[in-house]
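Engineer: Requesting a structural model of the entry that follows:
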Amino acid sequence: MGDFIKFKKMITPVIIQMLFWIGVVASVLLGLVTMVAGVASERGGVAQVISGLLMILLGPIVVRVYCEVLIVVFSINNTLTEMKNIMKSRPM
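Structural biologist: Numbering: from 1, shown residues only. Have a look, this model is predicted:
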């Protein structure tokens, strides 16, 4: 608990993982809504159906890449903290 209060343990990676799943669900749902709107369109919504399909396929990938970039920042922080602790414990 002390590391949490002193901001030595990060909770943001867990939050980023939750946001990833929210983003995946949102992109799939928005893609489905876009496809249904395209099918229901009177003027032929071929572009909407295609964009909905692309949203379903590419949306989760884009969300994943964005979340991975954020996780890498925290991974770098953890590695640097470990290096600092190792350097402190080494005798000079």
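Engineer: going forward, measure contacts between C-alpha atoms and count neighbours the same way
Structural biologist: OK.
Engineer: Count the neighbours of Lys9 for me.
Structural biologist: 12 (other CA atoms under 10 Å).
Engineer: Helix, strand, or coil at Gly44?
Structural biologist: Going by DSSP: H, G, I helix; E, B strand; the rest coil, the secondary structure assigned to Gly44 is coil.
Engineer: now it: how far from Ile22?
Structural biologist: According to CA to CA, to the nearest Å, Gly44 and Ile22 sit 31 Å apart.
Engineer: repeat for Leu70
Structural biologist: From Leu70 to Ile22 the distance is 16 Å (CA to CA).
Engineer: Please enumerate the helices of this structure.
Structural biologist: 2-5, 12-40, 46-89 (DSSP state H).
Engineer: so which of those is the most packed in?
Structural biologist: Mean neighbour count (mean count of other CA atoms under 10 Å) peaks for helix 12-40 among those, with a mean of 17.
Engineer: That helix vs helix 46-89, what angle?
Structural biologist: 170 degrees (axes from the mean of the first three to the mean of the last three CA atoms, to 10 degrees).
Engineer: Remind me what helix 12-40 packs against, helices and strands.
Structural biologist: helix 46-89 (3 or more CA pairs under 8 Å, 6 or more residues apart in numbering; DSSP states H and E).
Engineer: Show me what the helix it packs on is packed against.
Structural biologist: Against helix 46-89 (3+ CA pairs under 8 Å, 6+ apart) you get helix 12-40.
Engineer: starting at the chain centroid, how far to the helix it packs on?
Structural biologist: 11 Å (CA atoms, centre = their mean, to the nearest Å).
Engineer: Throw the helices of the chain into TSV and include mean pLDDT, thanks.
Structural biologist: Shown next, in TSV, are these (pLDDT from 0 to 100):
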stretch	mean pLDDT
helix 2-5	75
helix 12-40	94
helix 46-89	92
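Engineer: Many thanks, have a good one.
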